[in-house]
Every structure is written in C-alpha cells, then in structure tokens.
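Asks: next one to model:
(chains A and B)
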2 protein chains.
Amino acid sequence: MDGSILKDPSNVGLSTTVHGWVKSVRLHKQIAFVEVADGSVSKGIQVVIETPELAQDLSTGCSIKIVGKVVKSMGKKQDVEIHAESVDCIGAANPKEYPLQKKRHSLEYLREIGHLRLRSNIIGSVLRLRDFAERGFSRFFADNEFLRVHTPILTSNDCEGGGETFNATTEKATLEEAENSFFGRKVNLTVSGQLHAEVAASAFPRVYTFGPVFRAEPSLTGRHLAEFWMLEAECAFITSLSQLMDVIEESIKSTTRYIQDMADADLALFSKWVYPELEKRLSSITTQKAYPRITYTEAIEILQKATPREPFEFAPKWGSGLQSEHEKYLSSEHFESPVFVTDYPIEVKPFYMLANPDGRTVACMDLLVPGPCELAGGSLREHSHDKLLARITDLGMEAESLDWYLDLRKFGTTPHGGFGIGFDRYIQMLTGLESIRDIIPFPRYYGRCQY
Amino acid sequence: MDGSILKDPSNVGLSTTVHGWVKSVRLHKQIAFVEVADGSVSKGIQVVIETPELAQDLSTGCSIKIVGKVVKSMGKKQDVEIHAESVDCIGAANPKEYPLQKKRHSLEYLREIGHLRLRSNIIGSVLRLRDFAERGFSRFFADNEFLRVHTPILTSNDCEGGGETFNATTEKATLEEAENSFFGRKVNLTVSGQLHAEVAASAFPRVYTFGPVFRAEPSLTGRHLAEFWMLEAECAFITSLSQLMDVIEESIKSTTRYIQDMADADLALFSKWVYPELEKRLSSITTQKAYPRITYTEAIEILQKATPREPFEFAPKWGSGLQSEHEKYLSSEHFESPVFVTDYPIEVKPFYMLANPDGRTVACMDLLVPGPCELAGGSLREHSHDKLLARITDLGMEAESLDWYLDLRKFGTTPHGGFGIGFDRYIQMLTGLESIRDIIPFPRYYGRCQY
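Replies: Reported below is the predicted structural model:
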C-alpha cells in the first residue's frame, strides 16, 4: 500500500490520490476549499476544487477520495495544497446528525462519543503520541539489551495485596463456581507484572514488560483508570539504586527526544490549546543534565521548611507516605523538574523491597514529575531467601502461595531490582492533559466500560 | 549498564566481567571448566579456571560473577573462552534440590517448574524468538504507516459472541453484585480487538493492535490457551481482499527474515532438537515468491479429489467449515507451503464480514501454514449501515448493543478490512513445538493458572 501524501506533501507537481475524512468545507461560487485529514499527521491538507458543484455533497465527517495534483499554495496557512481533478464522496455524514462538527468540543463531550472522538484533533494527537512513545521506549530497552517478556494478565497472585483486584470468572450459576470452575482456583487480573518479570530476570539479566494492568479502585476523579498501561523492567546482578534511576532517567530522556523529533506538530497542539508551559516542562525533562535525587528524609525536611508558606492539608511527617500535595510541591514548585525521592520508611512499602542497613528504610525510589506527579517507582528486591521468608512471616502473609517466588532466591539468586513507569501518566506529562480518561483510547473506570 | 560479552565474544584479549548462571561444571585436578549462560544468546560461554579450588562451590544453576580475559579457545566447541582471574558464587543452587539439572528434561517436566523453566535452553530460545518476532512485526507495521493502538482488555462487547468469555468481577457477596457493581454492567475480557480496531480505523487509515486475548474454552489439548497473543490490523479505504493478503504475507516474510538475521542460533536449536524439517519449512515461508491463494470452493475440490487416498474423519463438503485435518492436508501435504483460502460460505462466518456478489460467500480468508495450520484470518467488513443492520437483525442479534459499531457506518464510512495473526501460532510455526503451552512464558489453560 502507498504511504500517505499528508506525511510528506512537499512533492510539488505530483499527481496523487488522497483518502481521508473531511474536517471542513468552505463553499464559494467559483471555488470550494475542503480540509481533509487522514490521521497520519496532526494537520489536514487543503484541497482546492475549482468546480464547486463537485463539493456540494461534502460535509464535515464524510469520507472522501480525491485525485489531484500537489501545488504550491497561494494561501498563508499552508505551503502546498491539492488541486482536485476528481472528488468522490465515499461515506456521507449527515450534518444534522454527525456529533463531531467543526467547532471545538469539550473533552467531557468527546468522552460521551468515545467511538468517534478518535477523529478529533486532540485525541488523534494523543494516539499518535502513544504510538511514538511506545516505539521510543521499545527502542531504548532493546538497544540496552532488555528482553521483552509477555507477562500474563491472568494470575493467581495479586502482587502487593490490597484486594482491589478484578477476578476472572466464567458463566456459572453461583459465585463460587464462577470463580473457581475454569482454573480450579480463584484468578485475578494482574495489578503488576513485577513478580513475573522477576521470574524472567532469574534467567535473563534484563527484561521488561509493557501492557495493561488493572485496579478495581472505585475512584470518581480523573486520576485513576481501572485498566492502565505500565512499562515494568527488572535487572539482575545490580546492587545499587542509582543503576535503576539511570535507566529510568535515560529511557525517559531518550523517548521524549525521539517524540520531539517524530511528532513535534502533535506536541505543539498541546502547547497551543492545552498547556502553554509545555515547552518549558519538556525542556526540564530532556535538557537537564541529571534529575535531582533526594532521600525521603531530605524530602520531608524540604516540605517541613516550606510548611509555614504552603497550606498543606497533611503535615509532612517522617514515617508517613508522601501525599499527592507533597509530591506536587516537590516536583512542580521546589525543583520544577523531575526529581527522584529514595529510601522511604520500610512500613509504607511492600514486602519485597530490600531493607537498607539502617533497618528503618528500604532501597526504593519514586520519580516525581511536574504534571502527573508520580511517574515511576521501583526498588531493589530482597534477594536472600531467609530474609524474605522472615519478612513475609512477620507481615502475616501466606508464604505457601509465594513458594515459587521464594524459590527464585533459593536457586541462583542475584541482587536485583526493577521499576515501573506509568505509561499513561507519561503521556499526561507530555500533553498537560488533566484527566487520564483523555489519554487512553478506550477508558475504563468506576461506573464506565463502554464498547 | 554494559552489554553482555556473550552477545559478541570476539574481542580476544579483552578484560571482562561475566554475570550469569552456571550450566555445567567439569572439575579436574588441575583445571575446571564451567559453562556460563546469561540469557542474551542461546549459547553459554566456557570459563576456564586454572585454580580448581575456586570452582569447588559451583554447581548447575548457581549465579556467578567471573572476572577474566577473553582468550582464543583450544577446544573444538567454541572459538573463544574466558580465562578466569576471580570467581564469585553469588547465589548457590543446592544440587540435591535444584530441579533443573544439566540433563535434558521433557517439556512436560519443564511445565511443572514453570518459574524456573525460562532458564532451560529451549524455553530461553522461545522467549528470545518472541521478542524478535514482536520487534519484526512492529518494525514492519510502523514502516508501512500502521498506527499502533492500545485496544482494551475489558470490554462490554464480546465481538463474535459464542459465550466462551471470561467476565471481570469484583469481590462481592453475590454473583450478580460481583458482575455488575463496579462498571454498572457485565464486562468481559476481550476475545478480539477487531471491533475496537475498526473504531480506530475510522480515524486513522491503518491501525494495528498487539496483545493478549482470552477464551474460556475448556480444552484439554495442547492446542488452546485461555490467554494468547494476537496481532490484529485494520485498514480503511481498501476494496479488495488481495490487499490484505499482501500485508499478511509481507509481514510474515519480513518478520521471519528479520528473525533469521537476528536469532539464527535459536532457530538452529529447534532444527536440531525439535523439528528436523524446520529449515525447509522456513524456506517455504521466506523464499517463495507468492503464497498460493485458492478459494474455499477450490479447496473443497482439492480435498474431495484427495479423499479416496486420505482417510479424512470428516468428508469435505461445500457449506461446512474446514476441519483441522483438512487445513493440515492443504498446507502440509498438498501445497507444503503457506496457503490462503478465501471466500468461505456466509453461514460459517461472523456477522460483520462483507458478502460477495454471489450472495453465498463472504470476502474473507484464512492463512493455513505447515505446523499450526490456521495462522491468520481476516475479511473485508460490511461497511454499509443498512446492510449491516439487516444482517444483524436477520441473525437475531441485539442491534442496540452494537449502536456504536453501526455508527461507524453512518458517519464517513469507508470500505475496509482487517485480519488477525495468531502470534503464539507464528512462534509455533518457527519452532516446530507441538504444544502451545511451551510457546508462552506463563501458559494459562483449563485447570491451570500458576503464579
């Protein structure tokens, strides 16, 4: 199949065919101008029709085939345009019924027509950015010898516990049968690929996984999705947190630069319409030599010093987790840049994290960024079988269901660690969009699972 | 982080560090030979230890750090080896307990130790091939201007019906609450991303999606997984099946050649140990100028002609679907090559397929290949709103739940079509492995969902 002329319309004089959807029609007596988009880039192309009768049936949203010639444009808004020789309306879009007219629609309205909103400029750009972001990350991790592993969605393990999981059931008469009859046990949708990635990292020194994870969190804000995308990586034979932070930082810088190269027009759309400070934000991500790295203890000190000025709802206090307002202050106000916060208190973190020699903190980090705040998190993992078993027992967890995870420490264990990057949050950071529901093509959240 | 020396050990004289897992130890009086693998390639590297005491604690499965020098090998089995200066056993693997000894284990046995089997030569190669295959397909589809779209796992639509789906439920007291309380409706795990890809292809002319899909099929054979990976693509503005077949054929050829370039040693392992005819099979895939394309009607004729000789369990008969034995005969016996079969009877295919002018068949195709038989399938889609609605009504389906799908035909519809490639089956074809349970890192099937 041929490539889209819209991706590179510089070839003046070329005879070409354009397939796409009409964005707008301006009908004059002698001439008609039709803007046609085909999703390959953010901008449509202007089609000039010198026999306006040919454009009479056209309206916003209809699909179209134009045969014509690429010509230097006399207009100021574009360098080139298509002079149409033939115009073929393939699929009409009755202007009285078509819900996506030329005018600007609110993001809330667009969510109500989720099966058509992918045609809007803004969601179109989001989807292209997602594609380039995935390509950017894939390239980075492949270049750095990470093996991509397909960790499962269905799992008999719920990783961090917490209970806010979806179960996978089959059509049966009773709840118990529905839950147990297919696999012979209760099975849930994964909340994280980490433990499976650790299995892989006991055979391959560097692995990553990329895909959706699930939380049945009954949240009504625009901050949470029931199905969202995570990139999770795991590295064997590493002994320091800084190695992991280097990988996160480099992967984000490299991917963001790649997107700037490949999709600058899409980014510009968000600077213009959504978040005017976007360029400054992107520059803090890509051009900064090294993201600041502070300990949780230092973070608490910074927050406490700021407290007289900052009206925090929760007083920052050593021993409690950081609240969103604290994370936001650190990344958006104090540093105005991505910042790593390391070595949180052991009590607020999951069982598998490696304890620091102080006995009070664990070798973990969160990456906080302007915008979505928590973008990534990771840790070294406890790799001693006996220490991990002791921790599991201390916490009153069932060691039996984790026997396979403990086995990894029994046979050829290695000091290792890993992290997860919230992919949708990364796109949120790149676009300045407030609601994560506008970041993903088919959002699923409390009370909503359309299509 | 540095790259693995095992990927390119040609740099004789280089001082290097090897991290990996011990495959075997040969302890002599004056010298020890240790084979170390690190998952980056199929072959381990030989480490020569001139102070055998240093190797005394080593055994198969333990993790190890070697500092040494790359040296030209005197042995016949390898070009280079490492002469160790220091040997550090990081994690032991008690030989009395470690279940993955040097000897060859059966695939069935390996499945029983699923959390460790990724270290075996054969599953290690499978995982590398999966990674390269994903890269190969991603590259092909990106180069051909397909946008990668993240279609959802959770969906209120079950695509082809059939009922063998998993539902996503939350922890509640009753089945009805568990099924309905989170989303306010019943939600299942996707059986295909096609309908969502069609939504995207009404905004972008070419899209694809790659990820797991789910079938709650209570099958006890090695042919079916409950969670398996599909690549699904959809193209707008296409009017002929041959355009789709070209894309499938080129994507498979291009990806297979890429894998041959990148992972020939992994393929060789399967030629040697699993399927001796593999090279011949791969050559029928990559070097053949064009895969044969026959209609279903022609296929039935071929099968009927063969019937006197072939002991088919089911007599081939126009109007019934092709049985596995028929597909197998066509691809493995008659053509000994991939073969497209097109234009099946309308009765045996789903509602969304475009009817041919004959009224009896639909514009669809299956790609049959030696090995797993059905590798891909696709069709043109009915793009007329009224005809699709009539078909839905004829079949007694609920039009209301498909209003969004019908809307795509109401507003700017285009002639379009798409296909799905079974990713695990593709890997099955490349390896000759019989059971699909050995193709995927964490297999889920009837009665089994470990970890």
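Asks: residue of the stretch 251-400 of chain A nearest chain B, please.
Replies: As assessed by CB to the nearest CB, chain B sits closest to residue A:383 within the stretch 251-400 of chain A, at 7.4 Å. Backbone N, C-alpha and C define where each C-beta goes, glycine included.
Asks: name the SS class of the residue nearest to residue A:17 when sequence neighbours are not counted, please.
Replies: With sequence-adjacent residues excluded and distances taken as CB to CB, 6 or more residues apart in numbering or on different chains, residue A:17 is closest to residue A:67, at 5.2 Å. Classification of residue A:67 by DSSP: H, G, I helix; E, B strand; the rest coil places it in strand.
Asks: hmm, back to that, can you tell me the closest non-neighbouring residue to the residue of the stretch 251-400 of chain A closest to chain B?
Replies: Closest residue to residue A:383 apart from its sequence neighbours, by CB to CB, 6+ apart: residue A:413 at 4.8 Å.
Asks: spit out the contact partners of the one you found.
Replies: Listed by CB atoms under 8 Å, 6 or more residues apart in numbering or on different chains, the contact set of residue A:413 reads A:202, A:383-385, B:63, B:90-91.
Asks: right, and the pair among the residues you listed with maximum separation?
Replies: A:202 and A:384 (14.2 Å; CB to CB).
Asks: so which of these two has more stuff around it?
Replies: Just comparing residue A:202 and residue A:384: by other CB atoms under 10 Å in any protein chain shown the higher neighbour count belongs to residue A:202, 29 against 14.
Asks: surely the more buried one touches residue A:410?
Replies: No: assessed by CB atoms under 8 Å, residue A:202 is found out of contact with residue A:410, at 10.5 Å.
Asks: returning to that earlier point: now the residue nearest to residue A:383. Its backbone dihedrals?
Replies: The phi/psi pair for residue A:413 (degrees, to the nearest 10) reads phi -70, psi 160.
Asks: same deal with residue A:310?
Replies: When read as degrees, to the nearest 10, the backbone of residue A:310 gives phi -100, psi 130.
Asks: run a quick neighbour tally on it.
Replies: Neighbour tally, residue A:310, other CB under 10 Å: 14.
Asks: nearest residue to it other than its sequence neighbours?
Replies: That would be residue A:329: by CB to CB, 6+ apart, it lies 6.1 Å from residue A:310.
Asks: ok, that neighbour - contacts?
Replies: So residue A:329 contacts A:303, A:306, A:310, A:312 (CB under 8 Å, 6+ apart).
Asks: can you check residue A:251 too?
Replies: Contacts of residue A:251 by CB under 8 Å, 6+ apart are A:137, A:140-141, A:421.
Asks: which ones among the residues you listed lie within strands?
Replies: Among the contacts of residue A:251, the members found in strands (DSSP state E) are residue A:421.
Asks: need the contacts of residue A:251 in a markdown table (columns: neighbour count, distance to chain B and pLDDT).
Replies: Below are these laid out as a markdown table (neighbours: other CB atoms under 10 Å in any protein chain shown; distance: CB to the nearest CB, whole Å; pLDDT from 0 to 100):
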| residue | neighbour count | distance to chain B | pLDDT |
| --- | --- | --- | --- |
| A:137 | 23 | 12 | 98 |
| A:140 | 19 | 12 | 98 |
| A:141 | 22 | 10 | 98 |
| A:421 | 23 | 15 | 98 |
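Asks: wait, the residue of the stretch 251-400 of chain A closest to chain B touches residue A:412, no?
Replies: No: counting by CB under 8 Å, residue A:383 does not reach residue A:412; the two are 10.5 Å apart.
Asks: more neighbours, these two?
Replies: A direct count of neighbours by other CB under 10 Å for residue A:383 and residue A:412 places residue A:412 higher, at 27 against 23.
Asks: checking the more buried one next. Helix, strand or coil?
Replies: Counting by three-state DSSP, the backbone at residue A:412 sits in coil.
Asks: so it sits right up against residue A:202, yeah?
Replies: Yes: under the criterion of CB under 8 Å, residue A:412 makes contact with residue A:202 at 6.8 Å.
Asks: residue A:36 in helix, strand or coil?
Replies: Strictly by three-state DSSP, residue A:36 counts as strand.
Asks: show me the contacts for it.
Replies: So residue A:36 contacts A:18, A:20-23, A:44-45, A:47, A:64, A:66, A:82 (CB under 8 Å, 6+ apart).
Asks: once you drop chain neighbours, what's closest to it?
Replies: Using CB to CB, 6+ apart, the closest residue to residue A:36 is residue A:20 (4.2 Å).
Asks: in a strand, that's where that neighbour is, yeah?
Replies: Yes: applying three-state DSSP, one finds residue A:20 inside a strand.
Asks: pretty sure residue A:26 belongs to a strand, no?
Replies: Yes: under three-state DSSP, residue A:26 falls within a strand.
Asks: what is it paired to in the beta sheet?
Replies: residue A:33 (DSSP bridges).
Asks: do residue A:340 as well
Replies: Beta-bridge partners recorded for residue A:340 (DSSP bridges): residue A:293, residue A:367.
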